[in-house]
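K.L.:
Pasting a predicted model and its sequence here:
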Amino acid sequence: MLLLHATDLACMRGDRLLFARLSLTLGAGDALHLAGPNGIGKSSLMRILAGLLRPFAGTVEREGAVALLDERPALDAHLPLGRALGFWAQVDAAGNVSAVAERVMLADLLDVPVRYLSTGQRKRAALARVLLQDAPIWLLDEPLNGLDTASVAMVEALVAQHCANGGIGIIASHQPVAVPGLKRLELANHVPREERA
Ligand SMILES: Nc1ncnc2c1ncn2[C@@H]1O[C@H](COP(=O)(O)OP(=O)(O)OP(=O)(O)O)[C@@H](O)[C@H]1O
């Protein structure tokens, strides 16, 4: 069974309570847009859901492997993109670099060193890493930042396809996101009253 279930989460950063009383349950096929302005705590919540950050309160139950996309794609800047992705393909023992590069429109750039990639190309390379992991739970933190219109549509289509195939997808973004059946969680609704500006 595939499941991502969070109960009564609260997150403290420094001496600020970012959010509290946040619960969510997602199962196979569910897509969620985690919405909210800069600094409200979207990345913190994504890291809690991924198991990388301890919540101040509450619990997270995960049935299924997680792939997290954030602003640190961990691709060797000096290697050609194909080899940098190939490293992770070996580690994860999953996926085919050429096929995945095709899906994120990077097939022509596999010989280019990672450090020469543009902002949008870098974001698509990070997405390639997610695809290579072949994990059922996708946590995509600002996957649309820096992308042109065609690339935004490509990411939305990948998430739609992932969920249609029975995966779970969460997209944290301050931008609009278009995916069929997308649920929405507005993080501002979970900011404790005393912390509101
Ligand atoms: N290690 C830390 N110690 C103290 N405060 C932190 C720490 N990490 C993040 N914060 C603060 O917590 C708040 C939430 O940060 P977070 O990155 O989760 O927000 P976000 O909603 O993802 O923002 P953005 O849309 O700009 O990426 C911010 O005000 C940030 O400055």
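P.N.:
Nice, I can see it.
K.L.:
can you tell me which residues contact residue 18?
P.N.:
By Cβ atoms under 8 Å, 6 or more residues apart in numbering, residue 18 lies in contact with 11-12, 40-41, 44, 191, 195. Glycine gets a C-beta too; all of them are placed from N, C-alpha and C.
K.L.:
Could you find the closest non-adjacent residue to it?
P.N.:
residue 41 (3.6 Å; Cβ to Cβ, 6 or more residues apart in numbering).
K.L.:
Report the separation between that neighbour and residue 19.
P.N.:
5 Å (Cβ to Cβ, to the nearest Å).
K.L.:
what does residue 66 give?
P.N.:
20 Å.
K.L.:
who's more crowded, those two?
P.N.:
residue 19 (25 against 20; other Cβ atoms under 10 Å).
K.L.:
That one - nearest residue in space that isn't next to it in sequence?
P.N.:
In this structure, residue 19 finds its nearest non-sequential neighbour in residue 190, 4.0 Å apart by Cβ to Cβ, 6+ apart.
K.L.:
residue contacts, that neighbour?
P.N.:
19-22.
K.L.:
Now, of the residues you listed, which are buried?
P.N.:
19-20, 22 (16 or more other Cβ atoms under 10 Å).
K.L.:
Please dump the residues you listed into TSV; it should also carry pLDDT and secondary structure for every row.
P.N.:
Shown next, in TSV, are the buried ones among the contacts of residue 190 (pLDDT from 0 to 100; DSSP: H, G, I helix; E, B strand; the rest coil):
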residue	pLDDT	secondary structure
19	96	strand
20	96	strand
22	97	strand
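K.L.:
Turn the contacts of residue 190 into JSON lines, columns for distance to residue 182.
P.N.:
As requested, those are exported to JSON lines (distance: Cβ to Cβ, whole Å):
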{"residue": "19", "distance to residue 182": "20"}
{"residue": "20", "distance to residue 182": "24"}
{"residue": "21", "distance to residue 182": "23"}
{"residue": "22", "distance to residue 182": "18"}
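K.L.:
and those near the ligand, which?
P.N.:
Filtering the contacts of residue 190 for neighbours of the ligand using Cβ under 6 Å from any ligand atom leaves an empty set.
K.L.:
Bridge partners for the most centrally placed residue in the chain, pull those for me.
P.N.:
Centroid-nearest residue in the chain, with Cα atoms, centre = their mean: residue 140, separated by 1.1 Å. Taking DSSP bridges as the rule, residue 140 bridges to residue 69, residue 171.
K.L.:
Kind regards, and thank you for your time.
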